[in-house]
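Asks: 3D, please:
(one chain, ligands or ions: 2)
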Amino acid sequence: MASVPAFAPRRDEPVFARLAIIGIGLIGSSIARAAKELNLAGTIVLADRDAAVRQRARELDLGHAIAETAAEAAVDADHVILCVPVGACGEVAAEIASELKSGAILSDVGSVKGSVVDAVSPHLPEGVSFVPAHPVAGTENSGPDAGFPSLFLNRWCILTPPEGTDPSAIAKTRQFWEGMGALVEVMSAQHHDLVLAVTSHLPHLIAYNIVGTAEDLEAVTQSEVIKFSAGGFRDFTRIAASDPTMWRDVFLHNKEAVLEMLGRFNEDLALLTRAIRYGDGETLHKHFTRTRAIRRGIVALGQEKPETEKLRKD
Ligand SMILES: NC(=O)C1=CN([C@@H]2O[C@H](COP(=O)(O)OP(=O)(O)OC[C@H]3O[C@@H](n4cnc5c(N)ncnc54)[C@H](O)[C@@H]3O)[C@@H](O)[C@H]2O)C=CC1
Ligand SMILES: O=C(O)C(=O)Cc1ccc(O)cc1
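Replies: Numbering: from 1, shown residues only. Ligands and ions are numbered 1, 2, ... in the order given. Prediction:
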């Protein structure tokens, strides 16, 4: 029987001899699946603080071993990736610090970078490099069953190494993410947090808000909000189903940038509100023409429907 071709080239030699993944949710389990399938790491050890998640990871045969603790998983690892909510990165770094070997590269996948750098850096032992990463790829689902190996294919992964980070550690981390099919870009943590506040964090907040507003209305209109929900509202409900712990942490840890973007958003919304109130069709038409061109530009770049959407299991 012919074997199923891998979604990305399988490596002859792994990038890392030993990879440790702490947090076996959507992102951690996707990395484990991709790294195993594509031979990006010789040995993959996973850990999670939740015993039920560890048990499920064993059943799913994720990686090569499931450790009881994060510290145990970190022993002798060349690359350790924190795949836990942003607010937990500091405490996990403290837990594993004494086990990190000299020359190891510590990384994470948090959706916010500045606060993770601040929380992790004080625990970094001598000789260990920290290369924070953010794969800009995900879904509204969480847990070890939600992951899939092609999640990062053709998606951006942003690295935000603090100044003075060993260039070879950055190069290795880049190689690892490119090995999973990601497109890698390097920028400062501060710039990352500002850009992501408008492209990812604010849209999630808007979705959480509108779905809540609609449900409040539902009491008045019985089931009509759900019954007649058109594409737009349905898309919002998908986003609003995203993990509450993860998103609580994102907003608490990217507070300044999100508040800045929310301020601008409210000002622009006030302009549109005014145009509707005073029947200013020209303003509305001009605005909608501008946003349509933005969408069409994204489609032309081929980024509106990533390959992962077609490959993902629903
Ligand atoms: N969900 C998404 O679409 C994306 C998420 N991210 C980031 O990836 C990280 C993980 O997110 P998901 O995989 O979606 O979350 P998830 O909820 O699917 O998995 C997180 C796992 O971490 C474990 N965990 C929590 N605290 C821990 C601790 N102190 N020690 C050990 N394990 C712990 C949980 O038990 C859970 O199994 C977050 O920082 C998030 O911001 C990044 C890109 C996309
Ligand atoms: O499901 C979606 O539409 C997402 O936007 C997924 C996502 C969530 C958080 C991130 O930091 C990156 C990507």
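Asks: and stretch 208-225, average pLDDT?
Replies: Across stretch 208-225, the average pLDDT comes to 77.
Asks: Would you map the helices across the stretch 201-314 of the chain?
Replies: Shown for the stretch 201-314 of the chain, the helices assigned by DSSP state H, counting those that start in this stretch span residues 202-221, 224-227, 231-240, 244-253, 255-277, 281-300, 307-311.
Asks: elements contacting the first one?
Replies: I take that to be helix 202-221. Using 3 or more C-beta pairs under 8 Å, 6 or more residues apart in numbering; DSSP states H and E as the contact test, the elements touching helix 202-221 are helix 224-227, helix 231-240, helix 244-253, helix 255-277. In this view, the C-beta of every residue, glycine as well, is placed from N, C-alpha and C.
Asks: what kind of secondary structure is whichever residue of the stretch 51-200 of the chain sits closest to ligand 1 in?
Replies: Shortest the stretch 51-200 of the chain-to-ligand 1 distance, computed as C-beta to the nearest ligand atom: residue-wise this is residue 138, at 1.8 Å. Following DSSP: H, G, I helix; E, B strand; the rest coil, residue 138 is assigned to coil.
Asks: and the protein, which of its residues are near ligand 2?
Replies: Contact residues, the chain versus ligand 2 (C-beta under 6 Å from any ligand atom): 111, 136-140, 200, 239.
Asks: Among the residues you listed, which one has the most neighbours?
Replies: Among the residues of the chain next to ligand 2, the one with the most neighbours (other C-beta atoms under 10 Å) is residue 111, at 24 neighbours.
Asks: okay, and for the protein, where does confidence drop off?
Replies: Applying pLDDT under 70 to the chain flags residues 1-5, 218-223, 225-226, 230, 303-314.
Asks: Please repeat the previous calculation with a cut-off of 90.
Replies: 1-7, 212-235, 298-314 (pLDDT under 90).
Asks: can you list the domains in it?
Replies: 16-187, 192-278 (automatic domain parsing).
Asks: hang on, the earlier thing: of all the helices of the stretch 201-314 of the chain, which one comes closest to residue 95?
Replies: With C-beta to C-beta as the measure, helix 244-253 is the member of the helices of the stretch 201-314 of the chain nearest residue 95 (17.5 Å).
Asks: residues in contact with that closest one?
Replies: Helix 244-253 has contacts (C-beta atoms under 8 Å, 6 or more residues apart in numbering) with 85-88, 111-112, 114-116, 142, 201, 204-205, 208, 258.
Asks: What about ligand 1: which of those residues touch it?
Replies: 85-86, 88, 111, 142.
Asks: Secondary structure for those - can I get that in a markdown table?
Replies: What follows is these, written out as a markdown table (three-state DSSP):
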| residue | secondary structure |
| --- | --- |
| 85 | coil |
| 86 | helix |
| 88 | helix |
| 111 | coil |
| 142 | coil |
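Asks: mind checking the SS state of residue 184?
Replies: The three-state label given to residue 184 by three-state DSSP is strand.
Asks: The closest residue to it other than its chain neighbours: which element?
Replies: Using C-beta to C-beta, 6 or more residues apart in numbering and skipping the chain neighbours, the partner closest in space to residue 184 is residue 174 (4.8 Å). Element membership of residue 174 [criterion: DSSP states H and E] is helix 167-179.
Asks: quick one: that helix near ligand 1?
Replies: No. Looking at helix 167-179 against ligand 1 by C-beta under 6 Å from any ligand atom, there are no contacts, and the closest approach is 12.3 Å.
Asks: Can you name every helix or strand that that helix contacts?
Replies: Here helix 167-179 touches strand 79-82, strand 105-108, strand 133-135, strand 156-159, strand 183-186, going by 3+ C-beta pairs under 8 Å, 6+ apart.
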